[in-house]
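Trainee: give me the fold of what follows.
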Amino acid sequence: MTVQDIRSFNRFYTNVIGALDYSSSLYAPYTLTEARVLYELAHSTRTDAADLRAELTLDAGYLSRILNKFEENGLIERAPSDRDPRRRRVTLTSRGRETADLLNERSTEAIGSLLATVPATDRPRLAEALRTVRSLLSDGRPPRREDVVLRDPAPGDLGWIVQRNAALYASEYGFNTDYEGLVARIVADFAEDHDPHLERVWIAELDGRPVGCVMCVRDEAPGTARLRLLLVEPDARGLRIGDRLVAAVVGFAREVGYRDLVLWTNDVLTAARHVYQRHGFVLTTEKPHRSFGKDLLGQDWRLDLHGTTDR
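Mentor: Numbers count the residues shown, from 1 in each chain. Predicted structure coming up:
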C-alpha cells in the first residue's frame, strides 16, 4: 500500500458521503466540523472546551469561533468547569439538543440510504473491513471511555437487547429462558407502544458495535419513570458505560418532568447495584422470590428526582 492508495480512498469516500458539501447534503446550516462538535457535546461525557479541542484536534481559535456561533444561536451555554474553574464547560441547551438530534437523524438516514445499496450478503464483509481499518490505524490503542457513544436504537438493536440479556444472564447467573421471555415482553411493549417524549432506549456503541443498553419507560405510578434492562458487555466493562447509561436515564427523566425514578433488580447483580447507589438510588424494599430457575432476593430502588442531582 502507498500513500496514494489512502489518499485515493479518502477522495472516494468523502465524495460518497458528501463530506465536501455537508450542509447541502443534510439540509442544515452547519459544516461537517460544526456538526461533529454538536455530536460530541450531545454524546461525550467530557465537554470542557479544552477536552473538545483535544478530542477533535481543532485549532483553539477555530473551535472558539464555532462555540461563539453556537452560543449566539442559542445552542449552547458556557460556564466554569466543575473540575477546574479555570476551564470552560460547554453544555447543550434544549434547542441545541434538538438540533443535534435532528442532524444525527438526518445523518443516520443518509448512511442508511448508502447501506441500502449494499447487498445484505455483503454487509458482514463491509463491517469487518471497517473494523479492520479502525484496528490497524488505531495502533493497537485500547478502547477509551470517550470512544463509547450513546445513541438511539437502530433497526435490529431491540432484538439485540433481548438476545444479549438472555445470553449474558444465562452464562453469568444461570437464568433460564423465563428471563428471556420477560425481556422479550418488555422490549415488545416498548416497540409496539411508547411515547417518545417520555420513554427512551439508549444503546452504547464501541467501534461500531453495541456493547450496552438501558431503557426508561413510564411506570404505573403517576409521575414515575422506571429504569429497565441495564446491560454492559463483559469485554466493554471498565469504561464506566453503566454509569453513563444510568446518568442518561436520570438526566432524561428529570428533564421531561418525572418526579421519581424506580427500578427492580436482584441482589446478585452486585456491579449494577453499586452503579445505582452512586447515582443516588435508595433501596426501599426487598423480597425473596423464585424466578428464572433461581432463588433470588428482589430489590426495589427509588431515586427522588427533585431532591437529588445526578453525579
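Trainee: run through the strands of the stretch 151-300 of the chain in chain order.
Mentor: Assigned by DSSP state E, counting those that start in this stretch, the stretch 151-300 of the chain shows strands spanning 200-206, 209-218, 224-232, 260-266, 282-291, 294-304.
Trainee: is it possible to export those to CSV including distance to residue 105 and mean neighbour count?
Mentor: Backbone N, C-alpha and C define where each C-beta goes, glycine included. As requested, the strands of the stretch 151-300 of the chain are exported to CSV (distance: least, CB to CB, whole Å; neighbours: other CB atoms under 10 Å):
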stretch, distance to residue 105, mean neighbour count
strand 200-206, 14, 21
strand 209-218, 18, 21
strand 224-232, 23, 22
strand 260-266, 26, 19
strand 282-291, 36, 11
strand 294-304, 29, 16
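Trainee: want to throw the ones you listed into a markdown table with mean pLDDT?
Mentor: Putting these into a markdown table (pLDDT from 0 to 100) gives the following:
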| stretch | mean pLDDT |
| --- | --- |
| strand 200-206 | 93 |
| strand 209-218 | 95 |
| strand 224-232 | 97 |
| strand 260-266 | 96 |
| strand 282-291 | 96 |
| strand 294-304 | 96 |
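Trainee: let me have the ones you listed in TSV, extended by distance to residue 18.
Mentor: As requested, the strands of the stretch 151-300 of the chain are arranged in TSV below (distance: least, CB to CB, whole Å):
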stretch	distance to residue 18
strand 200-206	22
strand 209-218	25
strand 224-232	34
strand 260-266	40
strand 282-291	50
strand 294-304	43
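Trainee: right, and the ones you listed - which one's nearest residue 160?
Mentor: The closest of those to residue 160 is strand 209-218. By CB to CB, the value is 5.6 Å.
Trainee: quick one: contacts of that closest one?
Mentor: With CB atoms under 8 Å, 6 or more residues apart in numbering as the contact definition, strand 209-218 has outside contacts at 148, 153, 157, 160-161, 164, 186, 190, 194-195, 198-205, 224-233, 235-236, 241-242, 245-246, 248-249, 252-253, 261.
Trainee: now residue 76: phi and psi?
Mentor: Torsion angles at residue 76 (phi, psi; degrees, to the nearest 10) stand at phi -140, psi 160.
Trainee: what's the answer for residue 59, then?
Mentor: phi -60, psi 140.
Trainee: show me the shaky parts of this structure.
Mentor: Counting by pLDDT under 70, the ranges of the chain that qualify are 25, 27, 44-46, 82-83, 139-140, 308-311.
Trainee: how about a cut-off of 50?
Mentor: 311 (pLDDT under 50).
Trainee: that one: helices as residue ranges?
Mentor: Secondary structure of the chain by DSSP state H: the helices cover 3-16, 22-25, 32-43, 49-56, 60-72, 94-116, 123-137, 157-173, 177-192, 241-255, 270-278.
Trainee: possible to save those as JSON lines with mean neighbour count and distance to residue 304?
Mentor: Output for the helices of the chain, formatted as JSON lines (neighbours: other CB atoms under 10 Å; distance: least, CB to CB, whole Å):
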{"stretch": "helix 3-16", "mean neighbour count": "10", "distance to residue 304": "49"}
{"stretch": "helix 22-25", "mean neighbour count": "15", "distance to residue 304": "43"}
{"stretch": "helix 32-43", "mean neighbour count": "19", "distance to residue 304": "27"}
{"stretch": "helix 49-56", "mean neighbour count": "16", "distance to residue 304": "31"}
{"stretch": "helix 60-72", "mean neighbour count": "15", "distance to residue 304": "33"}
{"stretch": "helix 94-116", "mean neighbour count": "14", "distance to residue 304": "23"}
{"stretch": "helix 123-137", "mean neighbour count": "11", "distance to residue 304": "42"}
{"stretch": "helix 157-173", "mean neighbour count": "16", "distance to residue 304": "28"}
{"stretch": "helix 177-192", "mean neighbour count": "15", "distance to residue 304": "24"}
{"stretch": "helix 241-255", "mean neighbour count": "21", "distance to residue 304": "10"}
{"stretch": "helix 270-278", "mean neighbour count": "15", "distance to residue 304": "13"}
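Trainee: closest to residue 78 out of those?
Mentor: Residue 78 sits nearest to helix 60-72 of all the helices of the chain, at 6.6 Å, using CB to CB.
Trainee: for the residue nearest to residue 254 when sequence neighbours are not counted, grab phi and psi.
Mentor: Nearest-residue entry for residue 254: residue 305, 4.7 Å, with adjacent residues in sequence omitted and distances by CB to CB, 6 or more residues apart in numbering. Dihedral angles phi and psi of residue 305 (degrees, to the nearest 10) take the values phi -70, psi -20.
Trainee: tally of neighbours for residue 305?
Mentor: Here the count is done by other CB atoms under 10 Å, and residue 305 has 22 residues near it.
Trainee: mind starting the numbering at 699 from now?
Mentor: Fine by me, first position is 699 from now on; the one you just mentioned is residue 1003.
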